[in-house]
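Peer 1: Return a 3D structure for these sequence lines:
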Amino acid sequence: MTKTVALLTGRERTFPDALIQTIQRRGAGVDAGYASLDITPVDAPPPYAVIVDRISHDVPCYQPVLKCMALRGSHVINNPFWRIADDKAFGTALAARLGVPIPRTFVLPSKEYGEDITPASLHNLKFPLDWGSLPFPLYIKPHWGGGFRDVYRVESLEALWRTYDRTGRLTMIAQESIEWEQYIRCVVIGQDNVLPLLWDPRLPHHERYLGAASTMPALDPALRDRVVEHARTLCHALGYDMNTCEFAVRDGVPYAIDFMNSAPDFEGKFLGEETFSWIVDQMATLCIRLAGTPPRTTLRWDAMLSGPTAP
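Peer 2: You can find the predicted model right below:
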């Protein structure tokens, strides 16, 4: 029987089209195409063996459908139970527990609340807050989100207050700024296949991969091995089969900055032909393997959180 791989996407076409064509070309008894969703009974048999989710973070109505499909036996990349539950504060705490270096990170109370929240509702919050404990310069960013939305660098307490006043009901984290000499973005497929790449977030979006070689020294082999191991550790703990993990290198130490990119940008013209081909090939291999693998027998979160405790 032909097993089907379905891609759930937004506007992107370069990566999905290439992945579909590669799977079809392999001739492994696995069909591939774009997913088609309708009004979905929660107990319906899953229509696809494997679903590659590239858009549910922006289209929330897909999220419960993916969870129901996973419950009924589909392999969803990435696991929809964890994808919807994770946040940057918890992920950073998990990285520290696993022994991966992190910037000093803090959770901030929200600036604003709904009309039904009164001062009495917030009696557990100390006042005034201990703003003096924060290290500067720092970044504040939403505890859940991506695409550099609502991310701010601030240099002083006064600048922090001005920025914080604009964050509304968002829950923000504050994170020490790592003044780095190198910045590395690891593409991770299937939790173990890791491609470390120099990446420069200071450059325009379309130049960050291809322009990084001209702004940073070459990647030292020992440092390369270290970030690869950190990326594997993080993705095994989180259960992400498609991810990018970013590391800012200061004094030879790679600090994990962002590693919950469960629908990373795989636009071919930004990556370069060699990197794009590697990603498509690895994803095709993963999808074909999962299509022939029995459904997961457990979706418990404790399995995703396993890992060595940092000393």
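
Peer 1: hey, let's count contacts and neighbours off CA atoms from now on
Peer 2: OK.

Peer 1: would you list every one of the strands in this protein?
Peer 2: 3-8, 30-34, 50-53, 75-77, 105-108, 138-142, 152-154, 172-176, 182-189, 193-198, 242-250, 253-258 (DSSP state E).

Peer 1: Pairing partners for the third one, with directions?
Peer 2: By that I understand strand 50-53. If you go by DSSP bridges, strand 50-53 pairs up with strand 3-8 (parallel), strand 75-77 (parallel).

Peer 1: sorry, back to before: out of the strands of the chain, the one nearest residue 278 is which?
Peer 2: Of all these, strand 193-198 sits nearest to residue 278, with 8.6 Å by C-alpha to C-alpha.

Peer 1: okay, and the helix or strand of the chain with the least pLDDT?
Peer 2: The weakest-scoring helix or strand in the chain, judged by mean pLDDT, DSSP states H and E, is helix 301-304 (a mean of 52).

Peer 1: Now do the same for the residue of the chain most remote from its centre: its pLDDT.
Peer 2: Relative to the centre of the chain, and counting by C-alpha atoms, centre = their mean, the farthest-placed residue is residue 120 at 36.4 Å. Residue 120 carries a pLDDT score of 92 in this model.

Peer 1: Who are the contact partners of it?
Peer 2: With C-alpha atoms under 8 Å, 6 or more residues apart in numbering as the criterion, no residue contacts residue 120.

Peer 1: Check the burial of residue 152 by counting its neighbours.
Peer 2: 15 (other C-alpha atoms under 10 Å).

Peer 1: Show me where the stretch 151-300 of the chain dips below the pLDDT cut-off.
Peer 2: 297-300 (pLDDT under 70).

Peer 1: do that again at 90, thanks
Peer 2: 205-206, 213, 237-239, 260-262, 294-300 (pLDDT under 90).

Peer 1: Residue 178 against residue 248, yeah?
Peer 2: Yes - the pair residue 178 and residue 248 passes the contact test of C-alpha atoms under 8 Å, sitting 6.7 Å apart.

Peer 1: can you give me the helices in the protein?
Peer 2: 14-26, 62-71, 80-85, 88-97, 157-164, 221-238, 268-271, 273-291, 301-304 (DSSP state H).

Peer 1: Can you add mean pLDDT and mean neighbour count and give the strands paired with strand 50-53 back as JSON lines?
Peer 2: Below are the strands paired with strand 50-53 laid out as JSON lines (pLDDT from 0 to 100; neighbours: other C-alpha atoms under 10 Å):
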{"stretch": "strand 3-8", "mean pLDDT": "94", "mean neighbour count": "22"}
{"stretch": "strand 75-77", "mean pLDDT": "95", "mean neighbour count": "26"}
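
Peer 1: To residue 252, which of those lies closest?
Peer 2: Per C-alpha to C-alpha, nearest to residue 252 of these: strand 75-77, 33.1 Å.

Peer 1: Report the distance from the closest one to the chain centre.
Peer 2: 15 Å (C-alpha atoms, centre = their mean, to the nearest Å).

Peer 1: Could you pull up the residues touching residue 144?
Peer 2: By C-alpha under 8 Å, 6+ apart, the neighbours of residue 144 are 86-88.

Peer 1: again, but for residue 242
Peer 2: For residue 242, the contacting residues are 77-78, 187-191, 262-264, by C-alpha under 8 Å, 6+ apart.

Peer 1: And for residue 72?
Peer 2: Contacts for residue 72 (C-alpha under 8 Å, 6+ apart) come out as 43-46.

Peer 1: For PyMOL, write a command that selects the buried ones of these.
Peer 2: In PyMOL, this line selects whichever of the contacts of residue 72 come out buried by 16 or more other C-alpha atoms under 10 Å:
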select buried, resi 46
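
Peer 1: Could you export the contacts of residue 72 to JSON lines, including columns for pLDDT?
Peer 2: Below are those laid out as JSON lines (pLDDT from 0 to 100):
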{"residue": "43", "pLDDT": "89"}
{"residue": "44", "pLDDT": "87"}
{"residue": "45", "pLDDT": "89"}
{"residue": "46", "pLDDT": "87"}
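
Peer 1: okay, now the domains of this protein?
Peer 2: 3-79, 104-176 (automatic domain parsing).

Peer 1: Can you tell me which of these is packed in deepest?
Peer 2: Highest mean neighbour count among the domains of the chain (mean count of other C-alpha atoms under 10 Å): domain 3-79, with a mean of 18.

Peer 1: got the end-to-end distance for that one?
Peer 2: 19 Å (C-alpha to C-alpha, to the nearest Å).

Peer 1: Kindly report the same for stretch 43-54.
Peer 2: Stretch 43-54 end-to-end distance (C-alpha to C-alpha) = 23 Å.

Peer 1: List of residues touching that stretch?
Peer 2: 3-10, 35, 68-70, 72-78, 262-263, 287, 290-291.
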